[in-house]
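Engineer: Sequence first, then the predicted structure, then my questions.
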Amino acid sequence: QVQLVESGGGLVQAGGSLRLSCAASGRTFSRYTMGWFRQAPGKGREFVMAIDGTRTRTYYSDSVKGRFTISRDNAKNTVFLQMNSLKPEDTAVYYCAAREGRVLTGPRDYNYWGQGTQVTVSS
């Protein structure tokens with residue numbers, strides 16, 4: 001069982017930056033692929049980025065390419081999402097998720113979810 005807690009969301013102007021964190025419980029954090037998803041009002045949950053347990057593979061959505069970066073600190077059981085050059089269309093609730101095994105990008109492939117953190121980008 002893995003418990004995830006996100007933090008770092010907030011209100012930012014377009015062009016600004018935010019760094020989201022996701023703290024995970026448990027001793028086997030490095031076994032899990034960690035992903036970030038987001039959900040805007042009235043829309044489905046969308047894949048943003050993911051990183052495997054050994055930090056050798058990362059995947060990203062084209063919508064965030066060149067602007068967002070995912071990283072993890074296995075010693076601190078934490079995964080990060082650095083978001084730069086934010087746009088109003090990045091406004092959403094951002095969720096951290098975990099799964100055992102290789103990186104996949106579908107929400108249904110992830111077993112554990114955080115409660116979400118709101119990111120609002122004003123124009």
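Structural biologist: Okay, I see it. Keep in mind that this is a model prediction, so the values were computed, not measured. Numbers count the residues shown, from 1 in each chain.
Engineer: Name the nearest residue to the residue nearest the centre of the chain, ignoring sequence neighbours.
Structural biologist: The residue lying closest to the centre of the chain (CA atoms, centre = their mean) is residue 36, at 2.3 Å. In this structure, residue 36 finds its nearest non-sequential neighbour in residue 48, 4.3 Å apart by CB to CB, 6 or more residues apart in numbering. C-beta here means a position set from N, CA and C on the backbone, and glycine is covered the same way.
Engineer: I'd like the distance from the strand or helix carrying the one you found to the chain centre, please.
Structural biologist: Assigning secondary structure by DSSP states H and E places residue 48 in strand 46-51. Averaging C-alpha positions (CA atoms, centre = their mean, to the nearest Å) puts strand 46-51 6 Å from its chain's average.
Engineer: Give me the packing partners of the helix or strand following it, helices and strands only.
Structural biologist: Remark: after strand 46-51, the chain's next helix or strand is strand 58-60, criterion DSSP H and E. Under the contact criterion of 3 or more CB pairs under 8 Å, 6 or more residues apart in numbering; DSSP states H and E, strand 58-60 touches strand 46-51, strand 68-73.
Engineer: Could you rerun that using 6 Å?
Structural biologist: strand 46-51 (3 or more CB pairs under 6 Å, 6 or more residues apart in numbering; DSSP states H and E).
Engineer: Would you mind extracting the C-alpha trace of the strand it packs on into CSV?
Structural biologist: Output of strand 46-51 as CSV, limited to C-alpha atoms (Å, rounded to 0.1, in the frame of the first residue of the first chain):
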residue,chain,number,x,y,z
GLU,A,46,-5.0,13.7,-18.5
PHE,A,47,-1.5,12.2,-18.4
VAL,A,48,1.3,14.8,-17.9
MET,A,49,4.6,13.1,-17.1
ALA,A,50,5.9,10.0,-15.5
ILE,A,51,9.3,8.6,-14.3
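Engineer: Pull the residues that contact it.
Structural biologist: Residues from elsewhere that reach strand 46-51 (CB atoms under 6 Å, 6 or more residues apart in numbering): 34-38, 58-61, 64, 68, 70, 72, 103, 105.
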